[in-house]
Structure formats: C-alpha cells, structure tokens
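Predicted coordinates and the sequence they were generated for:
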Amino acid sequence: MDFSKFQLREEGLIQHFENELTCQQEIKIKVARLDWIHSKFAGNKLFKLQQHLNSFSTHKHSSIISFGGPFSNHLFSLAAICNELQIPSVGIIRSYNEVNNPTIEALRKMNMNLVFLPKTGFDHFTESARTDFIEVHNLKDKTGEKPFWIELGGEGSLGVQGASLIWPFLLKNHAEQLKSITHIIVSVGTGTTFLGLRQSIPNHIRCIGVSSFKGGEKYVLENEALTPFNKDILNQYAGLGFGKNNSDDLAFYQLLKNQHQLDLDIVYTGKTFKALLNEISLGNIEKGAEVLFVHTGGQQGNPKA
C-alpha cells in the first residue's frame, strides 16, 4: 500500500526537554514527536499498521476488523486510515457496557462500526469464533466476504515489523541529533512498539519500556516475545491502573504542557514521562546519559477542557 499519499511530516520531530533535575544530572532528554507526523493518524500506530495494511491490500480483503479498549489510539488511527481510504472497518471495544468518550465519538465520526464486548468475550478469538462473531452481530453486510483481522493494538509479527520502521524513519532527517543517544524509553501496552524498536536500534542503546497497566509483570512473563526483556520493562508506574490518574498525575501533565509545551496523553505517555523523571531522580539512568523519549501520540483520549 502506498503511504506517500498521507504526506507525513518527516522533519523537525525532535523536541528538547530540560528542567532542574536533568541539568543537575547532566542528562539530555530528546522527545521524538511521532504525534506530529500527521494530523489524523499520528503517533506509533501508522508504523504498527503498515505491514497489516500491506497484507490487507495484497490479499484483497473486503474490510478490516480489530480490537481495542475505550481509549484505544490504535483503533483511532485505524479508523482514520480506513475512513481516508474508504475501507469498511469494525472496532471491537473491550467494555462491559457501551461507553462514550472523545475516542469513541471520534471512531463513530470516522464511520467505524463498533461492538462492545466484556473481557470474558473479548479474548481468544479463534477462527471459528470470528465467524460466529460476525453472524451474531449481523456484520456480514458491513464486513463483506473476506474481512482482515488485526489483533489487539496491532500486535503480532506484522506489528513488530512495522514498529521497527520508527527508528530508520527518525534517522532519515535527525541522524545528527540521535547519534549520541544512550537510552530509548517508550510506553508499553502490548509491547509491539518496544519490540520493534529493539529490532532496529543499535545494540549499545538501552531500550526501556514502561507498562501502563497493573499486572504488567505477569503479562510480560506470559508473553514469549517480551520475557527475554523483562528487566528492561518497568511495571511499577501504572498508578491507579490503565487509563486512571489521580489529581497529582493530571497536574503533572498540565505542568509539562504549560511550561514545556510537551502535550502528553493520560493513558500511556504521561505515565511514561513521569517514570523517566523518577528513574533519573533514583539514579537508575546514569549521569551524562542522552535519552530519547518516544512520544507515541494518543492525546485524542484526553478529556476535553
């Protein structure tokens, strides 16, 4: 599939961040603003979806079906791309009840058909379960004869292949700014972007992931692809849980936006940036390090002021 038609922004994507703590520790933080690459489907998601969309196009599928939570920037980006390319799409939302928030409203406006399922009915979608799902929810007219299924968050080998393109994409126009990077830090949901970055960055750069949900350690240990990197994934920064923040968290995100022009999301990047600063304060990132924080987007899920 030709992605040149999307006219991605490729230059000026590195934002510098410093405060009293980073100056004291002589640590440089550079933010890779993937959220700036496109007005509709910014962040890491276009990368994760590229190989999926190539497979969809090559095998001439009739529609795309995928999964996500009620704040899913994966589904947001997928809906935007499908709407742009006029591909019928279905989003399966993990929620016991039909919910409404800025993300869900946006999915509907982008013509994604939504089905809400509790967690008990959300997991383990075998081939036969997929067929039953389409019949039970009367989706045949919307999906056509040959729907293409993308796993939760775009995970899987195709998602990892796509995410591995992030580093070369950044290097294309920012090689000089990235030549001294010692650490990369990125949010972890399914871990697909973390794994993709691990594949493509030089061996001397340490890649750190920050889990956004409680029980992240168990998830990592049960995921064969992530288990070898268990020590590099931080599971202690989920706070109140996935998509949940206390007043101090929200005040911190607002401070970053007001004083540093760093606009983060409340599900992934906000918690990850807070984790980064805490790791620096604890001395877990050595003095003189140069850290690249990968901004994966997702601000569409933030509450509207």
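Here it is on my side, so go on.

Point to the helix or strand of the protein where mean pLDDT is at its lowest.
helix 119-122 (a mean of 67; mean pLDDT, DSSP states H and E).

Mind checking what helix or strand follows that one in sequence?
helix 127-136 (DSSP states H and E).

how about the CA coordinates for that next one, as PDB?
Extracted C-alpha coordinates of helix 127-136, given in PDB (Å, rounded to 0.1, in the frame of the first residue of the first chain):
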ATOM      1  CA  GLU A 127     -11.100 -18.600  13.600                       C
ATOM      2  CA  SER A 128     -14.500 -20.200  14.300                       C
ATOM      3  CA  ALA A 129     -15.200 -17.600  17.000                       C
ATOM      4  CA  ARG A 130     -14.600 -14.800  14.400                       C
ATOM      5  CA  THR A 131     -17.100 -16.400  12.000                       C
ATOM      6  CA  ASP A 132     -19.700 -16.700  14.900                       C
ATOM      7  CA  PHE A 133     -19.000 -13.100  15.900                       C
ATOM      8  CA  ILE A 134     -19.800 -11.700  12.500                       C
ATOM      9  CA  GLU A 135     -23.000 -13.700  12.400                       C
ATOM     10  CA  VAL A 136     -24.200 -13.000  15.900                       C
END
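
Tell me the buried residues in that helix?
133-134 (16 or more other Cβ atoms under 10 Å). Bear in mind the C-beta positions are built from the backbone N, C-alpha and C, glycine included.

just the strands in this protein please.
14-17, 28-33, 63-68, 89-94, 113-117, 147-150, 183-188, 206-211, 233-234, 290-295 (DSSP state E).

Dump these into a markdown table; add mean neighbour count, mean pLDDT and distance to Val267 as well.
Listed next are those as a markdown table, based on neighbours: other Cβ atoms under 10 Å; pLDDT from 0 to 100; distance: least, Cβ to Cβ, whole Å:
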| stretch | mean neighbour count | mean pLDDT | distance to Val267 |
| --- | --- | --- | --- |
| strand 14-17 | 15 | 98 | 20 |
| strand 28-33 | 22 | 98 | 17 |
| strand 63-68 | 24 | 93 | 11 |
| strand 89-94 | 23 | 92 | 14 |
| strand 113-117 | 17 | 91 | 18 |
| strand 147-150 | 21 | 94 | 19 |
| strand 183-188 | 24 | 97 | 8 |
| strand 206-211 | 23 | 96 | 12 |
| strand 233-234 | 21 | 94 | 16 |
| strand 290-295 | 24 | 98 | 13 |
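
Dump these to CSV, plus distance to Leu75.
As requested, the strands of the chain are exported to CSV (distance: least, Cβ to Cβ, whole Å):
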stretch, distance to Leu75
strand 14-17, 26
strand 28-33, 22
strand 63-68, 4
strand 89-94, 5
strand 113-117, 9
strand 147-150, 10
strand 183-188, 16
strand 206-211, 20
strand 233-234, 24
strand 290-295, 19
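
what's the closest non-adjacent residue to Glu145?
Spatial nearest neighbour of Glu145, excluding adjacent residues (Cβ to Cβ, 6 or more residues apart in numbering): Ser62 at 5.7 Å.

Quick check on that neighbour: phi, psi?
phi -90, psi -20 (degrees, to the nearest 10).

Contact partners for it?
88, 143-147 (Cβ atoms under 8 Å, 6 or more residues apart in numbering).

how about 7 Å then?
143-147 (Cβ atoms under 7 Å, 6 or more residues apart in numbering).

For those, which entry has the maximal number of neighbours?
Thr143 (23 neighbours; other Cβ atoms under 10 Å).

And it, how far from Arg130?
10 Å (Cβ to Cβ, to the nearest Å).

again with Glu286
Distance from Glu286 to Arg130, by Cβ to Cβ: 48 Å.

Endpoint to endpoint, stretch 48-66 covers what distance?
Terminal residues of stretch 48-66 are spaced 13 Å apart (Cα to Cα, to the nearest Å).

Buried residues of it, list them for me.
Result for stretch 48-66 [16+ other Cβ under 10 Å]: buried residues 48-54, 56, 61, 63-66.

Nearest to Leu197 among those residues?
Nearest to Leu197, judged by Cβ to Cβ, of those is Lys48 at 11.4 Å.

quick one, what contacts the closest one?
Per Cβ under 7 Å, 6+ apart, neighbours of Lys48: 154, 159, 162-163, 192-193.

If you tally nearby residues, what's the number for Asn284?
11.

where does it land on pLDDT?
pLDDT recorded at Asn284 is 97.

gap between the closest residue in space to Asn111 that isn't next to it in sequence and Leu107?
Excluding the flanking residues, the one nearest Asn111 by Cβ to Cβ, 6+ apart is Asn83, at 5.5 Å. Here Asn83 is placed at a distance of 10 Å from Leu107 (Cβ to Cβ).
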